[in-house]
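> Coordinates for the following, if possible.
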Amino acid sequence: MENQPPKYVSPPGTWKTKLGLRAGSVLCVIILAGIGGSLAANERIDGGSLLMVVLAPALIVTFIWDVAEAVCILKRGGNRGIHPGAVVAIDLLAWLGWAIVDLMLASFGLISRPRYMIQDYSGYDGDRYRYDPDMVTPEDQALEKDIMNKGRALLVFGVLTT
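This next block holds a predicted model:
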């Protein structure tokens, strides 16, 4: 039997677009891992490691799936990716998972008060419930801004990944 061409050949515009979107998703996943890791690495931030526990499974699954699809597009005859039914099923499941992660990231990046996440925060006068903004050190103010900015960046890249 001769070497027959594949039954379906993906047009160049289609497979290049699919490959570009997968590459963009991988880039967002790498950025999310970096930002989340920088929050988790700071010992003064409570909840940073919990954030990575929530974020890591979604990052790993998405990265593996995107790389698998990209490899199939590049290596299979006709630049065909994984079977379209499988792509739709896995992408829908990933979308649902990322929607849940995005809700958690929204609460971290938009709703939460960073001062409650900082250990040994200087703005409390001996009582956890008596907040005095005049007592906050510049280091704590910078850490608050850092948490808020990184939380917003996590949300943006999480939504882009979704």
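> Quick one, grab the pLDDT at the nearest residue in space to L154 that is not next to it in sequence.
With Cβ to Cβ, 6 or more residues apart in numbering as the criterion, L154 has its nearest non-adjacent residue at 5.1 Å, and that residue is L105. In short, each C-beta sits where N, CA and C put it, glycine included. Among the per-residue scores, L105 shows a pLDDT of 90.
> Kindly report the same for M1.
55.
> Hmm, R152 and the residue nearest to L154 touching each other?
No: with contacts counted by Cβ atoms under 8 Å, L105 stays clear of R152, the gap being 9.3 Å.
> Looking at these two, which one has more neighbours?
L105 (25 against 15; other Cβ atoms under 10 Å).
> any idea which helix or strand carries that one?
Element membership of L105, judged by DSSP states H and E, is helix 84-106.
> Need the residues that contact that helix.
By Cβ atoms under 8 Å, 6 or more residues apart in numbering, the residues outside helix 84-106 that reach it are 54-55, 58, 61-62, 65, 69, 81, 151, 154-155, 158-159, 161-162.
> Is it possible to mark the buried ones in the residues you listed?
55, 58, 61-62, 65, 69, 81, 151, 154-155, 158, 161-162 (16 or more other Cβ atoms under 10 Å).
> any idea which of those residues is closest to M135?
Closest approach between the buried ones among the contacts of helix 84-106 and M135, by Cβ to Cβ: G151, at 23.5 Å.
> hang on, that closest one in a strand?
No: read with DSSP: H, G, I helix; E, B strand; the rest coil, G151 is helix and lies in no strand.
> What's the separation between it and G109?
Distance of G151 to G109, given as Cβ to Cβ, to the nearest Å: 3 Å.
> pretty sure G36 contacts L55?
Yes: using Cβ under 8 Å, G36 is in contact with L55, at 5.0 Å.
> where do the contact lists of the two overlap?
L154.
> So L55 sits against L32, correct?
Yes: applying Cβ under 8 Å, one finds L55 in contact with L32, separated by 6.6 Å.
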